[in-house]
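J.: no sequence on hand, only this structure:
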């Protein structure tokens, strides 16, 4: 029986990449996301946003959880849902995480803020058992989506 432990699990329009991660993995993760999302029919502009968001979330796992975590991306109803999971110590005041840009003099702390800025919807669920960060990126109406996905309802976006 083949050993699939080192390989990501791909199930139709879902991609799961398990850590441990290092900063050296970020480029290959971006390439893998781009390849999979291109096969799903996701436009290049949206793939670029996903690459930035996912890279920041995985970088947080590397810095704050010694690389132990998981990245999952799914195409669902015209949206990319990007989730990063870890078993770190949790984020204090997670409901406020990423809402304000860090000080220009701060050496770090931009990851969640950048992910929140580029995502259409963003949530952090954190406890002492770990953290799940969810970033949703809308795909504007396009005939290039595969698998019968419908374009997102853009009425919410128009009200912003």
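T.: Arrived safely, thanks for sending. Please read these numbers as outputs of a predicted model, since none were measured by experiment.
J.: which residues sit in contact with the closest residue to residue 127 other than its chain neighbours?
T.: Here the nearest residue to residue 127 in space, its sequence neighbours aside, is residue 90; by Cβ to Cβ, 6 or more residues apart in numbering that works out to 5.3 Å. Every C-beta, even on glycine, is put in place using the N, C-alpha and C of the backbone. With contacts defined as Cβ atoms under 8 Å, 6 or more residues apart in numbering, residue 90 is in contact with 126-131.
J.: among the residues you listed, which ones are buried?
T.: The neighbour-count test (16 or more other Cβ atoms under 10 Å) marks 126, 130-131 as buried among the contacts of residue 90.
J.: in strands, which of those residues appear?
T.: When DSSP state E is applied, those are split such that 126, 130-131 fall in strands.
J.: ok, the residues you listed vs residue 114, which is closest?
T.: Nearest to residue 114 among those, counting by Cβ to Cβ, is residue 131 at 16.6 Å.
J.: got a pLDDT number for that closest one?
T.: Each residue has a pLDDT score; the one for residue 131 is 93.
J.: is it bridged to anything, and to what?
T.: Bridge pairing for residue 131 (DSSP bridges) gives the partners residue 86, residue 126.
J.: verify the stated contact: it with residue 124.
T.: Yes - taking Cβ atoms under 8 Å as the contact criterion, residue 131 and residue 124 are neighbours in contact, 6.6 Å apart.
J.: biggest helix in the protein by residues?
T.: Of all the segments assigned as helix in the chain under DSSP state H, the longest by residue count is helix 44-65.
J.: check which helices and strands that helix is in contact with.
T.: For helix 44-65, the contact count by 3 or more Cβ pairs under 8 Å, 6 or more residues apart in numbering; DSSP states H and E identifies helix 26-39, strand 69-76, strand 79-86, helix 111-118, strand 130-138 as packing neighbours.
J.: how about the ones you listed, which one is nearest residue 100?
T.: If you check each of the helices and strands packed on helix 44-65 against residue 100 by Cβ to Cβ, helix 111-118 wins as the nearest, at 7.0 Å.
J.: in the contacts of residue 90, find the pair that's most separated.
T.: Across the contacts of residue 90, the two lying at the largest distance from each other (Cβ to Cβ) are 128 and 131, at 9.9 Å.
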